[in-house]
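Asks: Sequence and predicted structure, then a few things I'm wondering about:
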Amino acid sequence: MIEFKSVVKRFGDRTILKGVSFEAKQGEILFILGTSGTGKSVLLKNIVGLLKPTSGEIWIDGEEVSQFTENEYFRIRKKCGMVFQHPALFDSLTVFENVAYGIRKHRPETTEEEIEARVKKCLSLVHLHGIENKKPAEISYGMQKRVSLARTVAVDPTMLLFDEPTTGLDPVTTNAINQLIFDLSRELKTTSLVVSHDMHCALDIADRIMVLDKGEVIEEGTPEDLKNSEQPLVKDFLMEIV
């Protein structure tokens, strides 16, 4: 479970998050919607400890982590799987070695047989077969996105954090990635936070949706709640999918 309590984040005289409070329950898919520059990615970075809040509290699995040291936060980061806007694969490594990378780094006790079985299982979860020996440049951008998903789940995270996972994808591939997010979250029983500006995707797969505007939560609820919202920004998002 992830909970923010009145979290403020400032950079100099700029306040990016203005007293944000929310809770992401165990096993649910929470979409965080908002226009560019409204604090969505900053929020994710506070969860994984890349940034620390100026004030407020961040609770993860019953622990208040906002003032953890770097060494203390390492244990929290091992629970988190981060999927970035871009695949961020290692160009010089094969698909197999990209997916195995986190296992080798964080679980050195794992045998080669176990690594091979885990990589094949994770690639199967994202519907990729027979590409283990290819380099990232030899597969499509959409397939690279799926490899990055496989790499993320290979270390058994309990939380999946997605930062604009469908940016730059065509509609067909976007739908496929969204279905993968849904399927992986349900099969692995993870808590999933998806930062996005795509209301259509949110309505399709989210359990709940939170809307940020200028660093503040202006709406939160189920997809059905959002469809009935009177918030102007939410209505603007909905207009885009009509």
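Replies: Right, received. Where do you want to start?
Asks: give me phi/psi at K120?
Replies: Main-chain torsions, K120, degrees, to the nearest 10: phi -60, psi -40.
Asks: hey, where'd the strands end up in this structure?
Replies: With DSSP state E as the criterion, the chain has strands at 2-11, 14-24, 29-33, 55-60, 63-64, 80-83, 159-163, 191-196, 208-213, 216-221.
Asks: From R186, how far out is the nearest residue to W59 once chain neighbours are set aside?
Replies: Nearest non-adjacent residue to W59, counting by C-beta to C-beta, 6 or more residues apart in numbering: E3, 4.2 Å away. C-betas here are computed from N, CA, C, even on glycine. Per C-beta to C-beta, to the nearest Å, E3 is found 22 Å from R186.
Asks: And the two? Which one has more around it.
Replies: Set side by side, E3 and R186 show more neighbours around E3, with 17 against 13, by other C-beta atoms under 10 Å.
Asks: got the contact list for that one?
Replies: By C-beta atoms under 8 Å, 6 or more residues apart in numbering, the residues touching E3 are 22-24, 57-60.
Asks: Who does the residue nearest to E220 when sequence neighbours are not counted form a beta bridge with?
Replies: Of all residues not flanking E220 in the chain, M210 sits nearest, at 4.6 Å (C-beta to C-beta, 6+ apart). With DSSP bridges applied, M210 shows beta-bridge pairing to I32, E220.
Asks: that older thread, can I get the strands of the chain in JSON lines with distance to N228 and mean pLDDT?
Replies: Shown next, in JSON lines, are these (distance: least, C-beta to C-beta, whole Å; pLDDT from 0 to 100):
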{"stretch": "strand 2-11", "distance to N228": "25", "mean pLDDT": "96"}
{"stretch": "strand 14-24", "distance to N228": "20", "mean pLDDT": "96"}
{"stretch": "strand 29-33", "distance to N228": "16", "mean pLDDT": "95"}
{"stretch": "strand 55-60", "distance to N228": "30", "mean pLDDT": "97"}
{"stretch": "strand 63-64", "distance to N228": "35", "mean pLDDT": "95"}
{"stretch": "strand 80-83", "distance to N228": "30", "mean pLDDT": "89"}
{"stretch": "strand 159-163", "distance to N228": "26", "mean pLDDT": "93"}
{"stretch": "strand 191-196", "distance to N228": "20", "mean pLDDT": "93"}
{"stretch": "strand 208-213", "distance to N228": "12", "mean pLDDT": "95"}
{"stretch": "strand 216-221", "distance to N228": "9", "mean pLDDT": "95"}
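Asks: between those, which gets nearest to G39?
Replies: strand 14-24 (4.7 Å; C-beta to C-beta).
Asks: For the closest one, C-alpha coordinates in PDB please.
Replies: Extracted C-alpha coordinates of strand 14-24, given in PDB (Å, rounded to 0.1, in the frame of the first residue of the first chain):
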ATOM      1  CA  ARG A  14       8.400  26.800  -7.200                       C
ATOM      2  CA  THR A  15       5.900  24.500  -5.400                       C
ATOM      3  CA  ILE A  16       5.300  21.400  -7.600                       C
ATOM      4  CA  LEU A  17       3.200  19.300  -5.200                       C
ATOM      5  CA  LYS A  18       0.800  21.300  -3.000                       C
ATOM      6  CA  GLY A  19      -0.300  19.100  -0.100                       C
ATOM      7  CA  VAL A  20      -1.100  16.000  -2.100                       C
ATOM      8  CA  SER A  21      -2.900  13.200  -0.200                       C
ATOM      9  CA  PHE A  22      -4.100   9.900  -1.600                       C
ATOM     10  CA  GLU A  23      -4.000   6.200  -1.000                       C
ATOM     11  CA  ALA A  24      -3.200   3.400  -3.400                       C
END
